[in-house]
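Asker: Provided below are the primary sequence and the corresponding predicted coordinates.
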Amino acid sequence: MTSLETVTVGKSANVTDITGDDATSLRLLEMGLTPGVQVTVVNTAPLGDPLELELRGYRLSIRRNEAARVAIST
C-alpha cells in the first residue's frame, strides 16, 4: 500500500481508502478525503509537517501521520 505521505510536492494521486476505524479516520473522511477523489500535494512546511493538499476545489493541511492513513494510487 502506498500512502499520501509519500507523494512529493506538485504530484497528484487518487485516494483509494482510509485506514483505521477511529475518530481521526472519520475526520479525514469528513474533510473530503474519500475514495476516488484526486489530491494534489501543494506544499509542505519547512520541516516537512504538515502537508498542504488541494482537493475538491479547496486547500487542506494535514499532519504527515494523518497522511500515512490515506491509501492512494497514482
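Answerer: Received the coordinates, thanks.
Asker: could you use CA atoms for every contact and neighbour count after this?
Answerer: Noted.
Asker: same for the helix or strand that contains residue 17, what does it pack against?
Answerer: In this assignment (DSSP states H and E), residue 17 forms part of strand 12-18. Contact partners of strand 12-18 among helices and strands, from 3 or more C-alpha pairs under 8 Å, 6 or more residues apart in numbering; DSSP states H and E: helix 23-30, strand 38-44, strand 70-73.
Asker: sheet partners, orientation included, of that strand?
Answerer: In the sheet, strand 12-18 lines up against strand 38-44 (antiparallel), strand 70-73 (antiparallel) (DSSP bridges).
Asker: can you redo those as TSV with mean neighbour count?
Answerer: Shown next, in TSV, are the strands paired with strand 12-18 (neighbours: other C-alpha atoms under 10 Å):
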stretch	mean neighbour count
strand 38-44	19
strand 70-73	21
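Asker: among those strands, which is nearest residue 57?
Answerer: Checking the strands paired with strand 12-18 against residue 57 by C-alpha to C-alpha gives strand 38-44 as the closest, at 10.1 Å.
Asker: pLDDT of that closest one, averaged?
Answerer: Mean pLDDT, strand 38-44: 96.
Asker: so how far is it from its chain's centroid?
Answerer: In terms of C-alpha atoms, centre = their mean, to the nearest Å, the centre of strand 38-44 is set 8 Å apart from its chain centre.
Asker: which residues does the strand holding residue 17 contact?
Answerer: Contacts of strand 12-18 with the rest of the structure, by C-alpha atoms under 8 Å, 6 or more residues apart in numbering, involve 4, 7, 25, 28-29, 33-41, 69-74.
Asker: redo the strands paired with strand 12-18 as JSON lines? Include distance to residue 13.
Answerer: Formatted as JSON lines, these follow (distance: least, C-alpha to C-alpha, whole Å):
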{"stretch": "strand 38-44", "distance to residue 13": "5"}
{"stretch": "strand 70-73", "distance to residue 13": "6"}
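Asker: next one: the residue of the chain most remote from its centre from residue 71, what distance?
Answerer: Centroid-distance maximum for the chain: residue 46 at 17.9 Å, with C-alpha atoms, centre = their mean. Distance of residue 46 to residue 71, computed by C-alpha to C-alpha, to the nearest Å: 24 Å.
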